[in-house]
Structures are given as structure tokens and as C-alpha cells.
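In: sequence and predicted structure, then a few things I'm wondering about:
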Amino acid sequence: MNANVNFYKTNLNGKGLKVAIAVAEFNTTVTESLLSGAVSKLEALGVLAQDISVARVPGAFELPGVAKRFVDSQKFDAVIVLGAVIRGETPHFDCVVNAVTSGTAALAANGKIPVIFGVLTTDNVDQAMARSGLKGGNKGADCAETAVEMVNLYKELA
Ligand SMILES: Nc1c(NC[C@H](O)[C@H](O)[C@H](O)CO)[nH]c(=O)[nH]c1=O
Ligand SMILES: CC(=O)[C@@H](O)COP(=O)(O)O
């Protein structure tokens, strides 16, 4: 790699940051574990508990609506959406996944703050358990780290 390339710097310092989390209640065993992982990681990175705000919604379809309100409030440095969409017998899985993915992506691309996508989309419960800290890694914790990293990158890009 050419040594003259300029790389924007970022870091994982969460001190002083205010983070909002929207979490779906559908598949609550999985999503509460995602939430726990996200909150624990945020605190480990220096975000104070009183600076973490959580809103629960019925399902993943409702996540972008709450995330937008978090963004529009201008009270937060980042927003994380957490959910677990698990395939059933009908195409409803695709409807929900498409809606939450496109809605969250639009907010992330158009908003002034990072909006982080932490919605599991799995074929079965075991796959969800394996990605929510119940039987393996925790995507909620991963999203928390991404949120802090992106806030600090955006500060460099300002
Ligand atoms: N099947 C799952 C859903 N379905 C519910 C929708 O997200 C939504 O709440 C409903 O259609 C009313 O608007 N939600 C999940 O989060 N996960 C699922 O597996
Ligand atoms: C993702 C869903 O909406 C799904 O869990 C619903 O199950 P089904 O397709 O069997 O109604």
C-alpha cells in the first residue's frame, strides 16, 4: 500500500456519546439478548448508562419508524436497530426483511448520524441463537462497536 495514502482515522472511544436503540419484541428471547449485548458493549466503550435510550416495538417492521424519530429528535449521536426475523412458512419473511432493511438503509444514507442495522434474518431459531449471544457471538455487541466507530469517523469527515 502506498505510504502516501491518507486514511481517515476513527476510534472506539464512546465517552460522552448518546445512543438510541430501537429493539423489536418479536422473538423476544433473541432480541433481548441482542439488546443486552449492545448495552454491555456500549458501556465497555465508555458510554454512560444514562446516555443509552431504548424503545421497544412489536416487530422489525416497526423499527425504521422509531429510528427515524430518534434521528429527527437530534438528541443522539447514533441509532441502533435490533431485531430477529426468522423464516416461517410464507413469504411474509421477505416482506418484513425487505421493509426493515430498506427503511433502515434509507435512514443511514440520508441522516446526519449513523444508523446501525442489527436485525438478524435467519432460516431458523438455532441460527438466531448462534448470533445473539445465546449460543455464540452477539451481533448486538458488534453493532454497538460499529455505532461508536461510525460516530467517530463522521466527526473526522465533518
Ligand atoms: N415474523 C416476524 C415479525 N413479524 C411482525 C412484523 O415485524 C410486524 O410487527 C407486523 O407485520 C405488524 O406490522 N417481526 C419480527 O421482528 N420477526 C419475525 O420473525
Ligand atoms: C418472518 C415472519 O413473518 C414469519 O415468522 C411468519 O411466519 P409464517 O410465514 O409461517 O406466517
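Out: Okay, I see it. Ligands and ions are numbered 1, 2, ... in the order given.

In: please count neighbours and contacts with C-alpha atoms only from this point.
Out: Fine.

In: element containing the closest residue to residue 83 other than its chain neighbours?
Out: Leaving aside its chain neighbours, residue 83 sits nearest to residue 119 (4.3 Å; criterion: Cα to Cα, 6 or more residues apart in numbering). Following DSSP states H and E, one finds residue 119 within strand 115-122.

In: go on, residue 56?
Out: Here residue 56 is assigned to strand 52-57, by DSSP H and E.

In: show me what whatever helix or strand comes next after that strand is in contact with.
Out: Later in the chain than strand 52-57, the nearest helix or strand by DSSP H and E is helix 63-73. Contacts with helix 63-73, where a contact means Cα atoms under 8 Å, 6 or more residues apart in numbering, come from 20-24, 55, 57, 76, 78-82, 100, 103-104, 107, 111-113, 115.

In: before we move on, what about stretch 30-44?
Out: Under Cα under 8 Å, 6+ apart, the answer for stretch 30-44 is 14, 23-25, 48-49, 52, 82-84, 128-129, 132-134, 138-145, 148.
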